[in-house]
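[1] Sequence and computational prediction follow.
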Amino acid sequence: MKRTLLLVESNTTGTGRLFARQARELGFEPVLAAADPSRYPYAAEDGVRVVVCDTADACAVLASDIGEPAGVTSSSEYFIPVAARIAAKLDLPGPDPDAVTECRDKAHQRAVLGAPCTVATSVEAAVAAAVEFPVVLKPAEGSGSVGVLRCETPASVAAQAAALLSVTHNERGLPVPPRVLVEPYANGPEYSVELFGDVVVAVVRKHLGPSPFFVEVGHDVPASLPPADETALIDTARAAVTALGLGFGAAHVEIRLTPSGPRLMEVNPRPAGGMIPELVRAATGVDLVAAQVAAVLGLPPDLRPTRRACASLRFLTATATSVLSAGDAVTKASTVPGVAEARLYRADGTVVRPARDYRDRAGHVLAVADRPRGARAAAVAGLDRLRAALVPEGVTR
């Protein structure tokens with residue numbers, strides 16, 4: 001019997017490691033296909049077998065030493081289409097390869113869902129599309145708020161469009177299309193609906209860092225919304241997933257609640273990043289990573305809530321260029337009542353800039369309590385102590 005799970009690349013932080021661990025808990029051996037194994041220190045630390053190959057090409061992965069896996073998936077936004085194509089070729093469970101490939105194209109999403117958006121292929125076209133300010137510019141493909149910027153003037157639109165159009169490859173070395181999305185700014189708090197198939201697992205309140213960037217600096221579960229607003233968000237998310245031809249496994253749907261109602265931001269055909277699966281597990285007992293791994297292995301996912309708690313997560317970000325010096329910050333953050341986890345992502349001496357996207361987050365604190373206010377307060381208090389690990393550049397501790 002085939003007893004391996006093929007992971008096509010991985011998150012570099014967060015849930016990537018959890019996918020491999022969950023495979024082992026189910027009795028399957030994880031095998032990581034990677035173009036650059038050095039991205040994944042956890043693989044060596046956890047004894048995960050790595051196959052080096054061109055992971056941008058499904059045929060190249062299939063031709064490598066992957067054996068006969070029982071399931072195929074990826075925890076990385078960029079490689080979900082490749083994993084889906086491999087699963088389809090091997091007649092294994094997985095999402096529709098065409099649907100997930102098209103979903104990664106934000107312009108396609110907007111066209112299918114009727115969302116306001118102009119696609120520009122030149123600086124001049126981007127400036128012309130910005131008819132009412134503020135507007136938001138973003139790349140046609142991407143994740144983690146990379147390249148997303150709120151622009152207030154034609155000059156800032158021109159500068160950001162030029163910057164985005166000059167990028168030919170993303171941080172994983174994959175080619176990116178020379179297209180920029182210009183969208184009207186949606187004013188209102190941001191949420192995500194975490195779906196698994198047609199089951200609503202959680203609605204998450206998201207907290208963003210300072211404008212003009214859109215860095216996620218925190219999450220709360222539950223979102224603590226009025227029932228009518230929660231229903232509107234859920235209905236919007238389900239309709240979007242259906243319209244895009246998705247429905248296998250997890251979907252992470254980001255929505256802003258504007259004064260005129262829900263405005264869809266993005267649909268992602270995967271479990272959420274940003275430690276949201278761990279937050280959902282802490283609050284509800286539902287393990288989205290375990291469910292996704294089970295689904296691609298052809299096993300029934302367990303989506304039954306086993307607890308009713310409140311969980312909050314806050315990310316450590318710098319307000320000025322700083323140097324990481326852990327000291328006893330993690331220990332002190334961990335001692336705050338209600339804090340379940342405090343962690344730093346980088347080694348001492350790492351320079352941390354003010355956050356522009358997910359790559360600038362330096363750590364997190366996760367807290368759990370009986371009530372939303374208690375979880376939020378514990379997470380904020382823990383973050384205040386963890387912040388001692390950031391020393392302003394030029395300052396000697």
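    Okay, I see it.

[2] Would you map the helices across the stretch 51-200 of the chain?
    Assigned by DSSP state H, counting those that start in this stretch, the helices in the stretch 51-200 of the chain fall at 58-62, 80-89, 97-103, 106-113, 123-129, 154-165.

[3] so which of those gets nearest Leu297?
    For those, proximity to Leu297 was assessed by Cβ to Cβ; helix 80-89 is nearest, at 10.7 Å. (Each C-beta comes from the backbone N, C-alpha and C, glycine too.)

[4] Contacts for that closest one next, please.
    Helix 80-89 is contacted by residues 6, 8, 55-58, 61-62, 71-74, 93-97, 100-101, 104, 269-270, 296 when judged by Cβ atoms under 8 Å, 6 or more residues apart in numbering.

[5] So which of these are in strands?
    Of those, the ones assigned to strands by DSSP state E are Leu6, Val8, Gly71, Val72, Thr73.

[6] neighbours around Val199, how many?
    Using other Cβ atoms under 10 Å, the number of residues around Val199 comes to 12.

[7] Apart from its chain neighbours, what residue comes closest to it?
    Leu303 (5.2 Å; Cβ to Cβ, 6 or more residues apart in numbering).

[8] which ones are touching the nearest residue to Arg346 once chain neighbours are set aside?
    Nearest residue to Arg346, sequence neighbours excluded (Cβ to Cβ, 6+ apart): Leu324, at 5.2 Å. Neighbour list for Leu324: Leu344, Arg346, Ala347, Asp348, Gly349, Thr350, Val351, Val352, Ala362, Ala389, Leu390, Val391 [criterion: Cβ under 8 Å, 6+ apart].

[9] Give me the phi and psi angles of Leu324.
    phi -80, psi 130 (degrees, to the nearest 10).

[10] so how far is Ala342 from it?
    According to Cβ to Cβ, to the nearest Å, Leu324 stands 14 Å off from Ala342.

[11] Kindly confirm my reading that Leu383 is in a helix.
    Yes. Under DSSP: H, G, I helix; E, B strand; the rest coil, Leu383 falls within a helix.

[12] Looking at the closest residue to Thr350 other than its chain neighbours now. What's its pLDDT?
    Of all residues not flanking Thr350 in the chain, Leu324 sits nearest, at 4.5 Å (Cβ to Cβ, 6+ apart). Leu324 carries a pLDDT value of 97.

[13] What's the separation between Leu324 and Leu316?
    Distance of Leu324 to Leu316, given as Cβ to Cβ: 9 Å.

[14] One more: Thr331?
    Going from Thr331 to Leu316 by Cβ to Cβ gives 15 Å.
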